[in-house]
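Chemist: Test case, fold it:
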Amino acid sequence: MGLVVFGVMALYLALSVGAVFWAVGHAKKHGKSVKLWGFGAAFIMYNLVFWDWIPTVVAHKYYCSTEAGFWVYKTVDQWKAENPGVMETLPSPSKTGSPSKHNRFESGHGKTTTYLLNDRFNWIVTQEDISSLLSIIRTEQQVKDMKTGDALARYVDFGSGNSVKNTIGPPGPLKFWLSNGHCSGGDRNQGLMYLFEQAVQGERK
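Modeler: Numbers count the residues shown, from 1 in each chain. Next up, the predicted model:
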């Protein structure tokens, strides 16, 4: 697959160079600005494929700096102190994993998966496209006490290079230069969220 992608890119590069040379030759032949026509052809060929590169990078950095992070609103020890003896009565999920339920929204541009960790806690994972034009996915995870409705911890991250609705089609792996799985520090925050989720799963049977 990688060879096919690089082969297509090499072909497109060759076509782009050919388009620029054609534009320069056309400009010379008809007494027009060689620089203007050459730059114009290069600009058009670049934006046919890479038009969303800079907007995606800029938007990804913006959302990462304004929304991303990991927050603990109540530690597991604090919850245990408020609910003495309860954690010990909660059964842990079996080895096959937690039961889950799925929901799609925004015409497929968003999806929520709720993992039923035990009788008290749910782990809710929501992913949504921030735009129909830019391939950036916002991911939010929460561990919730379903009796009170309170979130004990929350994690928000942004990835680029794909979309919730079109995970198989473009941009997908075709525009690999857009691929960025996390914000800076996002993989660490994801790990912290996973550890928190593991800590509320109850006693393992």
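Chemist: who does the closest residue to His182 other than its chain neighbours bridge with?
Modeler: Distances taken as Cβ to Cβ, 6 or more residues apart in numbering place Asp157 nearest to His182, at 5.5 Å, with adjacent residues excluded. Placement of C-beta: from N, CA and C, glycine included. In this entry, Asp157 is beta-bridged to Thr139, by DSSP bridges.
Chemist: who are the neighbours of the longest helix along the chain, in terms of helices and strands?
Modeler: Looking across the chain with DSSP state H, the single longest helix is helix 2-29. Helices and strands touching helix 2-29, by 3 or more Cβ pairs under 8 Å, 6 or more residues apart in numbering; DSSP states H and E, are helix 34-50.
Chemist: got the angle for the helix it packs on vs helix 2-29?
Modeler: Relative orientation of helix 34-50 versus helix 2-29 (axes from the mean of the first three to the mean of the last three Cα atoms, to 10 degrees): 160 degrees.
Chemist: Give me the helices and strands touching the helix or strand just after helix 34-50, please.
Modeler: The element immediately downstream of helix 34-50 (helix or strand, assigned by DSSP states H and E) is helix 53-67. Here helix 53-67 touches strand 136-145, strand 150-160, going by 3+ Cβ pairs under 8 Å, 6+ apart.
Chemist: so Trp91 bridges to which residues?
Modeler: One thing to correct before we go on: residue 91 is Pro, not Trp. Going by DSSP bridges, Pro91 forms beta bridges with Glu203.
Chemist: Save the helices and strands packed on helix 53-67 as JSON lines, and put in distance to Phe196 too.
Modeler: Below are the helices and strands packed on helix 53-67 laid out as JSON lines (distance: least, Cβ to Cβ, whole Å):
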{"stretch": "strand 136-145", "distance to Phe196": "6"}
{"stretch": "strand 150-160", "distance to Phe196": "5"}
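Chemist: who's in contact with the residue nearest to the spatial centre of the chain?
Modeler: Central residue of the chain (Cα atoms, centre = their mean): Gly159, 2.8 Å from the mean position. If you count contacts by Cβ atoms under 8 Å, 6 or more residues apart in numbering, Gly159 has them with 136-137, 139, 180-182, 186.
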